[in-house]
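Sequence first, predicted model second:
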Amino acid sequence: MAIQNKIPIGFPSQEEYTLLCPYCKGDNLHQAKVITYFRDNEDGPGNVTYSQAYKTFIKRFVDDDKLPTRRDIIKIYFWCEYCGPDLTDEFEDHLCLIILQYKGNTFMYWENESD
């Protein structure tokens with residue numbers, strides 16, 4: 001089966017593929033940072049990767065308590081032009097789009113790290 005080039009992911013917007021701010025519904029979001037957690041196997045050790053402008057590093061983790069779930073996670077941090085950019089290295093107030101696997105399903109949702 002061939003996969004289409006673009007498949008809508010269910011976000012309502014003026015354009016079918018536009019990601020909107022969950023607070024103001026603005027369409028001018030900017031990626032600020034990405035964090036990925038990938039385990040070697042379920043409940044096992046793995047790597048966490050942090051990447052933002054001019055900074056990228058990978059850290060090995062062994063302690064199971066450091067990872068918020070038993071499977072892999074991708075966190076994409078954004079700031080919104082309408083809600084106000086915060087261009088510091090502190091990302092507690094940024095929007096965070098979470099993509100994670102749980103029991104064979106993939107979930108995607110917004111999380112505000114300051115909540």
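Right, received. Where do you want to start? Numbering: from 1, shown residues only.

ok, then the element right after the longest strand seen in the chain?
Once the chain is assigned using DSSP state E, the strand that runs over the most residues is strand 29-39. Using DSSP states H and E, the helix or strand that directly follows strand 29-39 along the chain is strand 46-52.

which residues touch the longest strand of the chain?
Contact partners of strand 29-39, identified using Cβ atoms under 8 Å, 6 or more residues apart in numbering, comprise 19-21, 45-52, 61, 67-68, 70-81, 85, 91, 94-95. Where you see a C-beta, it was placed from the backbone N, CA and C, and this is true even at glycine.

ok, and for that strand, which residues are buried?
29, 32-33, 35-37, 39 (16 or more other Cβ atoms under 10 Å).

Residue 103: which of these is nearest?
Proximity of the buried residues of strand 29-39 to residue 103 (Cβ to Cβ) peaks at residue 39, which lies at 14.6 Å.

gap between the closest one and residue 57?
18 Å (Cβ to Cβ, to the nearest Å).

strands paired with the least confident helix or strand in the chain by mean pLDDT, and their directions?
Each helix and strand of the chain was given a mean pLDDT (mean pLDDT, DSSP states H and E); the minimum falls on strand 105-112 at a mean of 82. Applying DSSP bridges, strand 105-112 is found paired with strand 95-102 (antiparallel).
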